[in-house]
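A.B. asks: predicted model and sequence below, questions to follow.
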Amino acid sequence: ILIGFPLHSSKPLPYDAEQAGLKDRIVIKFSHVVAENTPKGLAAERFAKLVHERLSDRVEVQVYPNGTLYTDKHELDALSRGDIQMIAPSFSNLTSAFPSWKAFDLPFAFPNQQAVDEALQGEIGKQLLGELTNANMRGISFWNNGFKQVTSAQRPLIHPEDFAGQTFRILPSEVLEQQFHALGAEAVMMPFTEVYHSVVRGDVDGQENTISNIYSKRLYQVQRYMTISNHGYLGYAVIVNRSFWEGLPADIRHELELALAETTQWNRKLAQQLNDQQLNEIKKSGMMTIHQLTVKERDEWLKKLAPIYEQVEQEIGAPLLAQIKSLRH
Ligand code: LMR
């Protein structure tokens, strides 16, 4: 992929848009930071393809992957300004502007994907998306990636003491910072596009991410140890520029909503499959020593992490936290 070129621009359009009098086609620039072979990368492409099939004479979705257009640090502002029309940042990127989203960064808050889905598809999801309307944005869907695992170049991460003295890259979220501090480690907030090089340079010892991000960005080749901890959830809010979206002809907006709903369904099935498949690839490569966190070890981590819940409760309010906790059945 050439830097700055939309993903599917190399595929020929069925006809010359200008010649057909369609130069006023609506363009949706969809910027994201991950690789193409990830749950978000593939969902973005899928959405672009559905729109191309159904509305090619009127709308074009241009997908910019790998942070080639904007990194996660700048994509929210770019969307609010209307320089791009669609993004799907991970929840952690929203936490400083919209504190309720911190609930999803709490370690071990969700036992499985089903509990996450229950939260997102119910009242909690509605509340969180509703909060985004304040900044000329509109949250319109959730896409899944999956649970995060933790990796290190230094040593296996099994007991809380193993974290001591190590520095981990985190997404820009205070909860994640508190999480690593509680485990006795340092944490550095950094855009996703910088993670690989920081790891290679040794600026950080480790990081946490989903298997698909660890695999597609080749982090498994530069991190020796991985613990399958499933300690945190990484999901995406699909967000559009509100004035753009509300200014669309109603029939087009309706078609786009249908295509998005279909893409969301597809993404839900794909995310788990892709993470499982790519974990197998990592195992096959033999480049990492992988440890599966046991229940007893998880409880050791949880003991250290418990105070974070009290801190976050003050910021997001007791009712939201109680709702999240009730999902652990
Ligand atoms: C990260 O920065 O680690 C992730 O948010 C990247 C992504 O969008 O999945």
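C.D. replies: Done, it's in.
A.B. asks: select the longest helix from the chain.
C.D. replies: Secondary structure of the chain per DSSP state H: the longest helix is helix 250-285.
A.B. asks: how far away from the center of its chain is that one?
C.D. replies: Taking CA atoms, centre = their mean, to the nearest Å, one finds helix 250-285 lying 12 Å from the centre of the chain it belongs to.
A.B. asks: now do that helix: which elements does it pack against?
C.D. replies: If you count contacts as 3 or more CB pairs under 8 Å, 6 or more residues apart in numbering; DSSP states H and E, helix 250-285 packs onto helix 39-55, strand 137-152, helix 211-216, strand 225-241. C-beta coordinates here come from the backbone N, C-alpha and C atoms, glycine included.
A.B. asks: near the ligand at all, the third one?
C.D. replies: This means helix 211-216. Yes: using CB under 6 Å from any ligand atom, helix 211-216 comes into contact with the ligand via residue 213.
A.B. asks: would you turn the helices and strands packed on helix 250-285 into a markdown table with mean neighbour count?
C.D. replies: Formatted as a markdown table, the entries for those read as follows, by neighbours: other CB atoms under 10 Å:
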| stretch | mean neighbour count |
| --- | --- |
| helix 39-55 | 21 |
| strand 137-152 | 23 |
| helix 211-216 | 24 |
| strand 225-241 | 23 |
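A.B. asks: run a quick neighbour tally on residue 278.
C.D. replies: Other residues near residue 278 number 20, with proximity taken as other CB atoms under 10 Å.
A.B. asks: nearest residue to residue 184 other than its sequence neighbours?
C.D. replies: The shortest distance from residue 184 to any non-neighbouring residue, by CB to CB, 6 or more residues apart in numbering, is to residue 164 (4.2 Å).
A.B. asks: next, the angle from the longest helix of the chain to strand 225-241.
C.D. replies: Angle between the axes of helix 250-285 and strand 225-241 is 170 degrees (criterion: axes from the mean of the first three to the mean of the last three CA atoms, to 10 degrees).
A.B. asks: and helix 250-285, what's buried?
C.D. replies: Applying a neighbour-count criterion of 16 or more other CB atoms under 10 Å, the buried positions in helix 250-285 are 255-256, 259-260, 263-264, 266-268, 270-271, 274-275, 278-279, 282.
A.B. asks: let me see the contact set for whatever residue of the stretch 1-150 of the chain ends up closest to the ligand.
C.D. replies: With CB to the nearest ligand atom as the measure, the residue in the stretch 1-150 of the chain that lies nearest the ligand is residue 90; the distance is 3.4 Å. Shown in contact with residue 90 (CB atoms under 8 Å, 6 or more residues apart in numbering): 72, 145, 171, 234, 235, 236.
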